[in-house]
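>>> sequence first, predicted coordinates after that:
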Amino acid sequence: MNSTQQFFKASNRSLLRELVASDFKLRYQGSVLGYLWSLLRPLMLFGVLYVVFTQVFNVGKDVPYFPSYLLLGIVLWTFFTESTMSGLNAITGRGDLVRKVSVPKHIIVISTTLSAFINFSLNLLVVIIFMIIGHVPFRASLVFVPLLIVELALLCLAVSFTLSALFVKFRDISHIWEVILQALFYATPILYPLTYPSSQTIRELLSINPLTQIIQDMRSITITPQTLTTKQVFNSQFLGRVWPVIFILVLAAISIWYFRRSSRNFAEEL
């Protein structure tokens, strides 16, 4: 068994379940609506953005099924932000467990991504309801949805491993990451279609972001094939689809290596 297989071995499932369950309890403790907030937050954001961008800025008028198109982008983005922000605080927030030598540190980070993934799955059900109400046709291309979800989850996990390790040493990372997320939100075609920028150069710059590839491909196969994908922007299968996957895999490998190396000193640095 190589080091990567050892790192992800499935002998800690009970601990993983307990961490995910406790995360849910702590997150909604004292809340009147409880778990409903996991559904209401993206819906409330969708409601505000839909009114502002369709009624004020007149964005999305040429996009078929724009309500479902917009909501899907928000749900995918919410998963990314929730999982990475939770991952950032994973180690520092579980200092009691980290100080126990027998507890595998990577399980703590994985639990935050899994917790966010459960919320994401519930939000996808809301997207499906929107699609049904909006008469969005269900096409055979939907079979590729799980592949894109795995790609997104791997990206979230890779970023979470890096952020959690960095945050133990550098507490300013949380503020820096919030700024980066704010910039990424506008640099990713969530609120607007990728066709909105008239400049091809700007479209290519936006398409370098792997989140752009994931969101646009997801919209293309679930909402409307008229969605401009990164493959079409670059006019290249490699640059538009293969390269983002390679980038995420390399990022995941580097983040795992860095996390493993840093985790040896977590107990002393907390």
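Sure, I can see it. Numbering: from 1, shown residues only.
>>> figure out the helix or strand that the residue nearest the centre of the chain lives in.
By C-alpha atoms, centre = their mean, the chain has its centre lying nearest to Phe80, at 2.1 Å. Using DSSP states H and E, Phe80 sits in helix 66-88.
>>> can you tell me the element Val51 falls in?
If you go by DSSP H and E, Val51 is part of helix 37-51.
>>> by contact count, what packs against that helix?
helix 66-88, helix 105-133 (3 or more C-beta pairs under 8 Å, 6 or more residues apart in numbering; DSSP states H and E). Just so you know, the C-beta spots here come from the backbone N, C-alpha and C atoms, and that holds for glycine as well.
>>> show me which positions of it end up buried.
38, 42, 45-46, 49-50 (16 or more other C-beta atoms under 10 Å).
>>> hmm, back to that, show me what the helix or strand following the helix holding Phe80 is packed against.
Downstream of helix 66-88, the first helix or strand assigned by DSSP H and E is helix 95-98. Counting contacts by 3+ C-beta pairs under 8 Å, 6+ apart, helix 95-98 packs against helix 105-133.
>>> relative to helix 37-51, how tilted is the helix it packs on?
50 degrees (axes from the mean of the first three to the mean of the last three C-alpha atoms, to 10 degrees).
>>> buried residues in helix 105-133, which are they?
Buried residues in helix 105-133, counted by 16+ other C-beta under 10 Å: 105-117, 119-120, 123-124, 126-127, 130-131.
>>> and that helix, how far out from the chain middle?
Distance of helix 105-133 from its chain centroid, counting by C-alpha atoms, centre = their mean, to the nearest Å, is 9 Å.
>>> stretch 239-257 now?
The answer for stretch 239-257 is 15 Å, by C-alpha atoms, centre = their mean.
>>> residue ranges with poor pLDDT in the stretch 101-250 of the chain?
The model of the stretch 101-250 of the chain has pLDDT under 70 over residues 101.
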